[in-house]
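[1] all I have is the shape, not the residue letters:
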């Protein structure tokens, strides 16, 4: 049996098993009395209400917990109570022992080491880069690129690309970095948020993927020229690596409660168009998102600045939309590089068109876009860049088809329909 099919069956079995566990907790309605218990995140009972079956029972929640730095304060940034696990409109349906939990957004800190927080953002960025490298190494063997060449390029292109992502972001947010003199401004640009050599405030909170991509392609050009490697093979590896790394990286935005869209249902004259329960219901029951995603999309007014989060409520998880669509694009790329008529370099063309179109869609919902003014008009930098990406992707594919005829994946082993030579099969046996 194919190993991928086995993996799928195991995952499906686990999901089904956990769903059965959930069903096992339903003990049915009470026959005489039942208790409604309000509990905090750590199980602390905040309020208990005992109701008699058949009698009217008034269920009112306790005061909202005013709790910051929940879990272990040493490894958590400040978080806040968002809502109870059941809304008040659902209280009338309770007819059995019920626990109503206080819901808080997730901490964005993975672990605390040597008095330093290791954020989920860094974890997902590093995980995405690592997966991209492993996939690149596997593909390099097939298309005839030495692993040492790929690793050498990776070791210097990745750090330079991170710098490019930082500078791209800073270029559109200069007022937040350049002030108070040259040296403090320089320190803020490279990550010292306080403007001094205070390592407790160090962190690159602000990266732009477009800057990383442009820098990576430029570096790849010079590197392949020096090593005499076919750049069109390399840029395909870069494209596949970028799209999967971005799918990982967006989950770091999720834990930071950033890169999100507007309030669910929108806002009219400073008032939410939907109630909190309706917003929750849209994410949970219309989009069918897992509870941990829905709960973390509740953001307090002003938590990210009033222009970004003007009202408390549930916001669109655009990070999730982008991550999932990138995974689809990633899967498509894996298939296409096994199609013998696809030319080397066309995966980059697909990436440019795919991500360009996706980013335009996402930016129409984002509340925190990078912008710039030109001729008195305010433009979203990501949309302008994405339009350019789409045009470049089309031009690149046209150039490859016209100028690199025969340079396709049909020239290397592993394409769909490929049959190993008899001598190779004999060696394997």
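    Good, I have the coordinates. What you see is a predicted model, and the numbers here were worked out from it, not measured in a lab.
[2] and stretch 213-233, which residues are buried?
    Applying a neighbour-count criterion of 16 or more other CB atoms under 10 Å, one finds 213-217, 219-220, 223-224, 227, 229-233 buried in stretch 213-233. All C-beta spots, glycine's among them, are computed from the backbone N, C-alpha and C.
[3] now find how far off-centre that stretch is within its chain.
    Computed by CA atoms, centre = their mean, to the nearest Å, the chain-centroid distance of stretch 213-233 equals 27 Å.
[4] check stretch 136-146 too.
    On the basis of CA atoms, centre = their mean, stretch 136-146 is displaced by 27 Å from the centre of the chain it belongs to.
[5] list just the nearest of the buried residues of stretch 213-233 to residue 167.
    Set against residue 167, the nearest of the buried residues of stretch 213-233 by CB to CB is residue 215 (8.4 Å).
[6] tell me what whichever strand or helix holds the closest one is packed against?
    For residue 215, the element it lies in under DSSP states H and E is helix 209-227. With contacts defined as 3 or more CB pairs under 8 Å, 6 or more residues apart in numbering; DSSP states H and E, helix 209-227 has these neighbours: helix 147-171, helix 231-256, helix 381-403.
[7] let's see 6 Å
    Under the contact criterion of 3 or more CB pairs under 6 Å, 6 or more residues apart in numbering; DSSP states H and E, helix 209-227 touches helix 147-171, helix 231-256.
[8] lowest mean pLDDT across these, which one is that?
    Among the helices and strands packed on helix 209-227, helix 147-171 carries the lowest mean pLDDT, a mean of 90.
[9] what's the local residue count around residue 196?
    Counted with other CB atoms under 10 Å, the neighbours of residue 196 add up to 12.
[10] over to residue 384?
    Neighbour number of residue 384 under other CB under 10 Å is 16.
[11] how near is it to residue 307?
    Separation of residue 384 from residue 307 (CB to CB, to the nearest Å) stands at 21 Å.
[12] which parts of this protein are strands?
    33-39, 45-52, 83-84, 98-103, 109-113, 116-119, 267-268, 271-272, 298-299, 313-314, 371-374, 377-380 (DSSP state E).
[13] which residues sit against the longest one?
    Right, the one you point to is strand 45-52. Residues outside strand 45-52 that contact it (CB atoms under 6 Å, 6 or more residues apart in numbering): 33-40, 57, 59, 62.
[14] quick check, nearest of those residues to residue 170?
    If you rank these by distance to residue 170 using CB to CB, residue 40 comes first, at 40.8 Å.
[15] I figured the closest one hits residue 103, correct?
    No. Look at residue 40 against residue 103 with CB atoms under 6 Å: they stay out of range, at 10.3 Å.
[16] residues contacting the residue nearest in space to the middle of the chain?
    Nearest to the mean C-alpha position of the chain, by CA atoms, centre = their mean, lies residue 250 at 1.6 Å. The neighbours of residue 250, taking CB under 6 Å, 6+ apart as the test, are 319, 322-323.
[17] any weak-confidence spans in the stretch 301-429 of the chain?
    Residue ranges of the stretch 301-429 of the chain with pLDDT under 70: 421-429.
[18] in stretch 319-328, which residues are buried?
    Buried residues in stretch 319-328, counting neighbours by 16+ other CB under 10 Å, are found at 319-323, 325-326.
[19] residue 108: which of those is nearest?
    Out of the buried residues of stretch 319-328, the member with the shortest distance to residue 108 (by CB to CB) is residue 319, at 12.6 Å.
[20] hmm, residue 259 and the closest one touching each other?
    Yes. Look at residue 319 against residue 259 with CB under 6 Å: they come within range, at 5.1 Å.
[21] rewinding a little: any idea of the angle the helix holding residue 215 forms with helix 381-403?
    For helix 209-227 against helix 381-403, the angle by axes from the mean of the first three to the mean of the last three CA atoms, to 10 degrees is 30 degrees.
[22] buried ones among the contacts of strand 45-52?
    34, 36, 38-40, 57, 59.
[23] spatially, which two of these are the most separated?
    Top of the distance list for the buried ones among the contacts of strand 45-52 (CB to CB): 40 and 57, 22.3 Å.
[24] hmm, back to that, shared neighbours, residue 319 and residue 259?
    The contact sets of residue 319 and residue 259 overlap at residue 253 (CB under 6 Å, 6+ apart).
[25] please report the distance of the residue nearest to residue 388 when sequence neighbours are not counted from residue 330.
    Once flanking residues are discounted, residue 388 sits nearest to residue 356: 7.9 Å by CB to CB, 6 or more residues apart in numbering. Separation of residue 356 from residue 330 (CB to CB): 16 Å.
[26] where do the helices sit along the stretch 251-400 of the chain?
    276-281, 291-296, 318-336, 346-363, 381-403 (DSSP state H, counting those that start in this stretch).
[27] got the buried residues for stretch 147-158?
    Buried residues in stretch 147-158 (16+ other CB under 10 Å): 149-150, 153-154, 157-158.
[28] deepest-packed of the strands of the chain, please.
    Neighbour counts (mean count of other CB atoms under 10 Å) averaged over each of the strands of the chain peak at strand 313-314, with a mean of 26.
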